[in-house]
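>>> Sequence first, then the predicted structure, then my questions.
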Amino acid sequence: MISSANSDTERKILSILKVLSESSESLGSITIARELEKRGLSLSERAVRYHLKITDERGYTQPLGIDGRMITSRGLEELRIALAPDQIGFITEKLELLAFRTTFNPGSRTGQVPINTSLFKKNDFPKALAAMKGVFKAGICVSDLVATASEGKKLGDVVIPSGKVGLATVCGVTVNGVLLKHGVPMESKFGGVLEIRDSKPKRFVAIINYGGTSLDPSEQYILAGMTSVGEAAKTGNGKILANFREIPAPARSTVEDTIAELKAAGINGVFALGTMSEPICQISVGMNRVGMVLLGGLNPVAAAVEAGIEVENVAESGMMDFQQLSSFSLL
């Protein structure tokens with residue numbers, strides 16, 4: 001962990017990590033130096049290489065090619081922790097950006113969708129698949145469409161580290177993005193733990209407002225052991241990850257049509273849709289607003305954690321072409 005973000009060296013390292021985190025490709029020292037210059041930090045190519053050597057040693061970056069580097073999941077985590085004081089409300093901004101970047105067309109089943117990336121140890125992956133199978137079968141997920149990647153490959157903005165296997169799951173922000181393209185603005189309110197009974201939503205038992213956190217709520221709930229997704233998949237009763245959104249009431253019919261289009265394309269993220277100005281899952285909504293409950297994209301992974309499997313999650317980890325995804329049942 002970075003000991004002093006105020007030191008000159010650490011400040012430069014953070015700046016380099018920030019540049020790398022915003023790129024979907026590996027970057028060389030020349031390109032990094034140019035990007036830093038644009039941000040007001042003058043650093044020679046040689047100095048960039050010096051600092052990259054440090055980030056390599058710490059496991060924050062991974063060398064690719066002659067001079068290229070990509071940020072690792074450890075580097076993303078370090079960047080997130082170091083910048084946390086400046087990132088209150090960061091999740092809200094991240095969700096809005098991913099929604100804007102979503103180009104998925106349910107009709108043609110083409111375009112980019114937001115994903116979550118989960119990292120498993122190679123030896124644990126078969127066991128993880130077994131633990132997640134029931135959750136996908138029960139439909140307690142945004143979609144049963146997934147992608148995998150081995151070490152050195154990339155899922156979204158995450159490079160898979162040595163000894164790990166990456167699993168990409170469809171993120172619920174896909175719904176935000178598709179509705180945005182249909183002219184429907186959506187307000188992301190919070191991420192929570194939702195109690196279900198007889199496979200139906202009952203009430204939220206924990207919530208974290210997006211505007212007051214720098215971390216994804218689902219990641220926090222998984223780490224805290226607050227879910228029982230595996231049990232919910234087996235019995236229809238348990239606590240799962242879910243998110244709460246609001247839409248303008250006049251847009252409800254458009255939303256219903258879009259939900260049907262998404263379901264036909266294999267995206268089942270909307271768990272419940274309320275009525276105008278009426279509470280849903282014991283959550284009040286504003287005047288002339290409609291509440292919407294979205295399933296958490298990391299629910300299957302939560303079940304793996306419940307089974308005692310070590311997982312490293314990067315929620316909202318970037319974009320992926322829809323046609324690169326395939327059914328979980330084919331793994």
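Received the coordinates, thanks.
>>> Could you double-check that Pro169 sits in contact with Ile140?
Quick fix: residue 169 is Thr, not Pro. No. Counting by Cβ atoms under 8 Å, Thr169 sits too far from Ile140 to count as a contact (11.7 Å). (Glycine included, C-beta is placed from N, CA and C.)
>>> other SSEs contacting the helix or strand bottoming out on mean pLDDT in the chain?
Ranked by mean pLDDT, DSSP states H and E, the helix or strand of the chain with the weakest confidence is helix 73-82, at a mean of 84. For helix 73-82, the elements it packs on are helix 8-21, helix 45-58, strand 158-159, strand 311-321, judged by 3 or more Cβ pairs under 8 Å, 6 or more residues apart in numbering; DSSP states H and E.
>>> for the stretch 101-250 of the chain, what spans make up the strands?
For the stretch 101-250 of the chain, applying DSSP state E, counting those that start in this stretch gives strands covering 112-121, 145-149, 154-155, 158-159, 164-170, 187-197, 200-209, 238-248.
>>> Not counting its neighbours along the chain, what's nearest Tyr221?
Closest residue to Tyr221 apart from its sequence neighbours, by Cβ to Cβ, 6 or more residues apart in numbering: Val193 at 5.5 Å.
>>> how about low-confidence regions in this structure?
Scanning the chain for pLDDT under 70 picks out 1-6, 84-90, 214.
>>> Tell me how it divides into domains.
Residue ranges for the domains of the chain, per automatic domain parsing: 8-86, 88-331.
>>> and among those, the most buried is which?
domain 88-331 (a mean of 19; mean count of other Cβ atoms under 10 Å).
>>> Tell me what Arg203 is bridged to.
Glu195 (DSSP bridges).
>>> Quick check: it vs Leu17, distance?
Per Cβ to Cβ, to the nearest Å, Arg203 is found 40 Å from Leu17.
>>> Just the helices from the stretch 201-331 of the chain, written as ranges.
217-223, 229-235, 252-264, 299-306 (DSSP state H, counting those that start in this stretch).
>>> Those: which one's closest to Ser284?
Ser284 lies closest, by Cβ to Cβ, to one member of the helices of the stretch 201-331 of the chain: helix 252-264, at 17.2 Å.
>>> Show me what that closest one is packed against.
helix 173-181, strand 270-273, strand 289-295.
>>> Nearest spatial neighbour of Arg74, chain-adjacent residues omitted?
Closest to Arg74 by Cβ to Cβ, 6+ apart is Gly59, at 4.7 Å.
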